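Asks: need coordinates for the following:
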Amino acid sequence: MLAAGFPLAGAAPSKPVAEWNFKFQDNLIWIEVGVDGSRPLRFILDSASTHHVISTDAAEKLGLSTGADTVLVRRTDAVQEQSTTAPVELKVGGAFALKNVSLLVVPLNGIDGIIGLPVFERYLVEIDYAGSKVRLFDPNGPRSDRGESVKLQTRDGLCGIRLADSTGNSGVFVLDTGCSSGLLLSRHASSLFEFCRAYPPEAHVLYAGGDIPGRRYRQTSWQLGSQTVPGVETVVCSKATDGLLADSQWAGLVGNGFLAKFKVTFDFPGHRMFLEPAK
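Replies: Now for the predicted structure:
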């Protein structure tokens, strides 16, 4: 699948702190999460969500109280003020406890909640797409040597990687496991990259909260580190006027359609990502 081999570098420790099963549906990572002992709810794992989130509907059904203060949140396609719940305990994947967590209360479409960036900031997070497993590792623990290390760039609390198209044009893309597409390009960056432009079909990209209209292109290959990654479907956003897709410092989002070609280990504390070919 990849056009070049993987040089050896550090990757994940041998024993995880926690392991969750997930369901990979509609190119999103679905995990069961209990809130203060509730029945399991359907959450999305989203590396570009700066907070853990619960939908307004789920919060109302569980009777969760919210404070008077609000938080200004930059979503994928909007900037909004949202309230937060009183601290709760989350049981992720049926066993792993996240304690004393205040959840943002956000309108979500078909999703009960989001496990977000705070998990990525505290642990090494391995996503084994082929095995349908998420594994958390101690970032200070022992390591084995596997996969290629790719440098992460941090801006405004989010992490991204630099990608180049087949003509060498490049940009920094947010790593977003809450986005279903391979690559979702912002409108301001679309002119930088080379596509097959003959009558691109309409597309709707799912993300943790809704869907984004765009135009679907077929890109032959992208360069990531020393690797050439072929066959990545790319969608250019057609409408977003706010949020991440309107921020000129980002070329767009790297979603699960791209990341699922690998077993990925996110080391946000170490500002790097490790890649192994998917098996």
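Asks: spit out the contact partners of the closest residue to Gly94 other than its chain neighbours.
Replies: What sits nearest to Gly94 in space, not counting adjacent residues and going by Cβ to Cβ, 6 or more residues apart in numbering, is Glu32, at 6.2 Å. For glycine as for every other residue, the C-beta is placed from the backbone atoms N, C-alpha and C. By Cβ atoms under 8 Å, 6 or more residues apart in numbering, the contact set of Glu32 is 40-43, 92-94.
Asks: please work out how many residues are found near Gln25.
Replies: Neighbour count of Gln25, defined by other Cβ atoms under 10 Å: 11.
Asks: re earlier: of the contacts of Glu32, which belong to strands?
Replies: Among those, DSSP state E puts 41-43, 92 in strands.
Asks: so which pair among these is furthest apart in space?
Replies: Arg42 and Val92 (12.3 Å; Cβ to Cβ).
Asks: so what sits against both of the two?
Replies: With Cβ under 8 Å, 6+ apart as the test, Arg42 and Val92 both reach 32-33.
Asks: higher neighbour count, the two?
Replies: Neighbours were counted for Arg42 and for Val92 using other Cβ under 10 Å; Val92 has more, 22 against 17.
Asks: show the contacting residues for the nearest residue in space to the more buried one that is not next to it in sequence.
Replies: Leaving aside its chain neighbours, Val92 sits nearest to Val33 (5.3 Å; criterion: Cβ to Cβ, 6+ apart). By Cβ under 8 Å, 6+ apart, the residues touching Val33 are 40-43, 90-93, 112-113, 115.
Asks: go with 10 Å
Replies: 20, 40-45, 52, 54, 58, 90-94, 96, 98, 112-115 (Cβ atoms under 10 Å, 6 or more residues apart in numbering).
Asks: return a ChimeraX selection command for the buried portion of those residues.
Replies: Selection of buried members from the contacts of Val33 for ChimeraX, criterion 16 or more other Cβ atoms under 10 Å:
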select :20,41,42,43,44,45,52,54,58,90,91,92,93,96,98,112,113,114,115
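Asks: now, which of the ones in strands among the contacts of Glu32 sits nearest Thr76?
Replies: Phe43 (16.9 Å).
Asks: ok, the closest one to Asp156 distance?
Replies: 24 Å (Cβ to Cβ, to the nearest Å).
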